[in-house]
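Chemist: just to be clear, the model below is a prediction. Sequence and coordinates:
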Amino acid sequence: MKKTWIVLAVIAVVILIIYSSFKGTYNTMVTKDESVNAAWAQVENVYQRRADLIPNLVNTVKGYASHERETLESVIEARSKATSVNVNPENLNEQSLQQFQQAQSGLSSALSRLMVVVERYPDLKANQNFLDLQAQLEGTENRIAVERRKFNESARSFNTYIRSFPKNIYANMFGFEKKAYFEAEQGAEKAPEVSFE
């Protein structure tokens, strides 16, 4: 009878250890997953801030450079595309993140072309509204870089955790999948050509 109680106690302790292991690992995975989701929400937040600034910037430029219609329309179209691409935090895979990045890159490119157009209008460059919007846009671009870095750090922490042994077994059991990273755009490793012609 005494042996039966000892065996039952050992079994209970083993079950308790296994339960604690599963519970602790699962809860940590959930916490890290939520950190990635929160970081993603901040990335979307700063991209939305940029998208919100663009109509004001376009309207300010439009007043000075109304005949630059093609450039202004390309900025508006790129903004529309960028805001239409939404990525669900639960589905942060490489394909969805790449699609999001392409739309945002298109908008960045259109904004760059707009800034080149602005160089032709000294009155516009001196306009206080334009200067304020430009400063806000530059600040937003910096925020985007910071939030993308924070997102990558959260994704790295999550990915490392779920890929290490034996947590990778639990991650597969519970359906946790690796998160994608923001990566540099193709050609970003090359220095841009600067020409003063």
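Modeler: Done, it's in.
Chemist: okay, buried residues for stretch 47-65 please.
Modeler: With burial defined by 16 or more other CB atoms under 10 Å, the residues of stretch 47-65 counted as buried are 47, 50-51, 53-54, 57-58, 60-61, 64-65. All C-beta atoms are positioned from the backbone trio N, CA, C, and that covers glycine.
Chemist: quick one: average confidence on that stretch?
Modeler: Averaging pLDDT along stretch 47-65 gives 83.
Chemist: what sits up against that stretch?
Modeler: Stretch 47-65 is contacted from outside by 68, 72, 75-76, 79, 82-83, 104, 107, 111, 114, 117-118, 120-121, 123-124, 127, 129-130, 133-134, 136-137, 140-141, 143-144, using CB atoms under 8 Å, 6 or more residues apart in numbering.
Chemist: so how far is that stretch off the chain centroid?
Modeler: Distance of stretch 47-65 from the chain centroid (CA atoms, centre = their mean, to the nearest Å) equals 22 Å.
Chemist: same check, this time on stretch 37-48
Modeler: Distance, centroid of stretch 37-48 to centroid of chain: 6 Å (CA atoms, centre = their mean).
Chemist: please, where are all the strands along the protein?
Modeler: Using DSSP state E, the chain contains no strands.
Chemist: which ones among the buried residues of stretch 47-65 are found in helices?
Modeler: 47, 50-51, 53-54, 57-58, 60-61, 64 (DSSP state H).
Chemist: for ChimeraX, write the selection for the buried entries among the contacts of stretch 47-65.
Modeler: Applying 16+ other CB under 10 Å to the contacts of stretch 47-65 leaves a buried subset, and the ChimeraX line that selects it is:
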select :68,72,75,79,82,83,104,107,111,114,117,118,124,127,130,133,134,136,137,140,143,144
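Chemist: show me the shaky parts of this protein.
Modeler: 66-67, 184-197 (pLDDT under 70).
Chemist: show me what contacts the residue at minimal distance from the centre of the chain?
Modeler: Centroid check for the chain by CA atoms, centre = their mean gives Val43 as the closest residue, at 4.2 Å. Val43 makes contact with 144, 147-148, 151, 182, according to CB under 8 Å, 6+ apart.
Chemist: quick one: the helices in the protein?
Modeler: So, for the chain - with DSSP H - the helices run 2-64, 69-84, 94-118, 122-126, 128-163, 167-174.
Chemist: how about the fifth one: buried residues?
Modeler: The reference is to helix 128-163. Neighbour-count burial for helix 128-163 [16+ other CB under 10 Å]: 130, 133-134, 136-137, 140, 143-144, 147-148, 150-152, 154-155, 158-159, 161-162.
Chemist: between the ones in helices among the buried residues of stretch 47-65, which is nearest Gln98?
Modeler: Using CB to CB, Tyr47 comes nearest to Gln98 of these, at 15.0 Å.
Chemist: now that closest one: how far from Asn86?
Modeler: Tyr47 is 11 Å from Asn86, where distance means CB to CB, to the nearest Å.
Chemist: what's the answer for Ile11, then?
Modeler: 50 Å.
Chemist: what's the answer for Ala155, then?
Modeler: 18 Å.
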